[in-house]
Structure formats: C-alpha cells, structure tokens
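Undergrad: predicted model and sequence follow; I will ask about them next.
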Amino acid sequence: MIEFLYSIDVAVFHFINVTLSNPVGDFLWPLITDYNRFLPVQILLAAVWLLLIVKGGARGRTAALLLIPLLLFSDKLSSALIKEFISRPRPCHEIGGTPVVQGIHLLVGCGSGKSFPSSHAVNNFAVATLFSYYYPRWRTGFYAWAALVALSRTAVGVHYPSDILGGAVIGVCVALVVIFLWNLAVRKAFPRLAVDPPAGTRV
C-alpha cells in the first residue's frame, strides 16, 4: 500500500516538475519559491507589517504581533521536529550516488534539508490562515498565494506533492491552534485586548 501511494506521489511529481515544465515556468517558479529572499519584497513585507502596527487598529496590530510567534512555532515544528522525525529524503537527493527520483527538472539548489513536510507550505499556509481569520474578505488571495508558493516547491524539483499537501494541513492547524490559544488567553487575562474578527470567522 505504501509503495502504491509512493508511486502516485512520484507520478504526480513528474507530471508537475517535468511534463508541465516550460521556459516561462522555468523563469517564474524559482522567483516564486524564493520570493521572500528578494530585498524589494522584504522591504515591502516589512512596510506592510509596520503599517498594520501603526494604522491597522486593534485587529491589524493583533495580526501583526501574532505573526511573529506563529512563524517561529510553525518553522521550528516543521524543520526541527517533524522533518527530523520523518527523515524523508527529498526527491532531488542522492543516496549512495543514486538519485532518489530519476529525471528531475531541478530549477534551484536541492538543499540538505529533509522532505516532509515542506516548510514553505507550512509557513505560508499558517500565515494565510492567520490573516484569513482577521481579514476574511481577502481569504481567497491569501490561500491562493500560499498554494502557489507550495506548488512551486514541486515545480522546482525539491518536494513531493505529499510534502506540500501535508505542509498545508500542518500550517493551517498550527495557525488555528495559535489563534485559539491567543483568544483564550486574552479573554481570560486581558479581556480589553480581545479582538473579534469580522462576522463568520470564528475559531
């Protein structure tokens, strides 16, 4: 059963990474997968964060401040705990000089990290869930971007589809737990700091 599921994982990986590859994707996917490493993007994200703190009101400040522990927790959980426990090699790794998956269309460095889950998927879906809670009007955009970044990890050749699906689920769950614990703690200890999101977005 496990071998059958793995064969499906590899087949979907090949379809996304090899069959769908094209010059436009070869240019765009590496930019999308590492978007947060570009200085202009870093400046823009920092500016948005500061804008939420200064002009975002109670809701914006809460979302901006929760973003810090959320990312710390989600990244450590995926990279330091789950990845090391599962210890799954990436499809682009080699074991004993033999590639784990043959014929990869690798667009970025493979990296030495483990495969499951994709930390990109975990972190971006955690952020998307947090901001969807406080700004549900833009939920579709938040999740669309998170999905695009997660998909890029398979497109560039460094993660299986199951890595990004698992990462997405973990990221959403982490964000929901953080939001729940925050609301619980604030309403009990500092009720005046409690911020209710727009109607229809309860956790």
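TA: Yep, it's here.
Undergrad: can you show me the helices along the protein?
TA: Secondary structure of the chain (DSSP state H): helices located at 2-14, 23-33, 39-55, 57-76, 83-86, 119-134, 139-155, 161-189.
Undergrad: closest to T98 out of these?
TA: Closest of those to T98 is helix 2-14, at 14.6 Å (criterion: Cβ to Cβ). All C-beta atoms are positioned from the backbone trio N, CA, C, and that covers glycine.
Undergrad: buried residues in that closest one, which are they?
TA: Within helix 2-14, the residues scored as buried using 16 or more other Cβ atoms under 10 Å are D9, V10, F13, H14.
Undergrad: could I get these as CSV with pLDDT and distance to I32?
TA: Formatted as CSV, those follow (pLDDT from 0 to 100; distance: Cβ to Cβ, whole Å):
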residue, pLDDT, distance to I32
D9, 96, 22
V10, 96, 23
F13, 97, 17
H14, 96, 20
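Undergrad: so where's this structure uncertain?
TA: The model of the chain has pLDDT under 70 over residues 189-203.
Undergrad: try 80
TA: Residue ranges of the chain with pLDDT under 80: 1, 187-203.
Undergrad: returning to what we had before: so which of the helices of the chain gets nearest E94?
TA: Ranking the helices of the chain by proximity to E94 (Cβ to Cβ) places helix 2-14 first, at 15.7 Å.
Undergrad: name the helices or strands packed onto that closest one?
TA: Where contact means 3 or more Cβ pairs under 8 Å, 6 or more residues apart in numbering; DSSP states H and E, helix 2-14 is packed against helix 161-189.
Undergrad: mind listing what's buried in the helix it packs on?
TA: Neighbour-count burial for helix 161-189 flags 161-168, 170-175, 178-179, 182-183 (criterion: 16+ other Cβ under 10 Å).
Undergrad: how far off centre is it?
TA: How far helix 161-189 lies from its chain's middle: 12 Å, per Cα atoms, centre = their mean, to the nearest Å.
Undergrad: go on, stretch 150-166?
TA: Distance, stretch centre to chain centre, for stretch 150-166: 10 Å (Cα atoms, centre = their mean).
Undergrad: got it, and stretch 147-154?
TA: 9 Å.
Undergrad: got it, and stretch 12-31?
TA: The answer for stretch 12-31 is 19 Å, by Cα atoms, centre = their mean.
Undergrad: just stretch 75-91 next, same as before
TA: 14 Å.
Undergrad: in that stretch, what's buried?
TA: Result for stretch 75-91 [16+ other Cβ under 10 Å]: buried residues L77, S78, S79, I82, K83, R88, R90, P91.
Undergrad: dump the helices of the chain into CSV; add distance to G96 as well.
TA: Shown next, in CSV, are the helices of the chain (distance: least, Cβ to Cβ, whole Å):
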stretch, distance to G96
helix 2-14, 19
helix 23-33, 28
helix 39-55, 39
helix 57-76, 30
helix 83-86, 20
helix 119-134, 26
helix 139-155, 24
helix 161-189, 22
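Undergrad: out of the buried residues of stretch 75-91, flag the one nearest to W138.
TA: Of all the buried residues of stretch 75-91, W138 sits closest to S78, with 24.6 Å by Cβ to Cβ.
Undergrad: and that closest one, what is it in contact with?
TA: Contacts for S78 (Cβ atoms under 8 Å, 6 or more residues apart in numbering) come out as P117, S118, S119, V122, N123, G167, I170.
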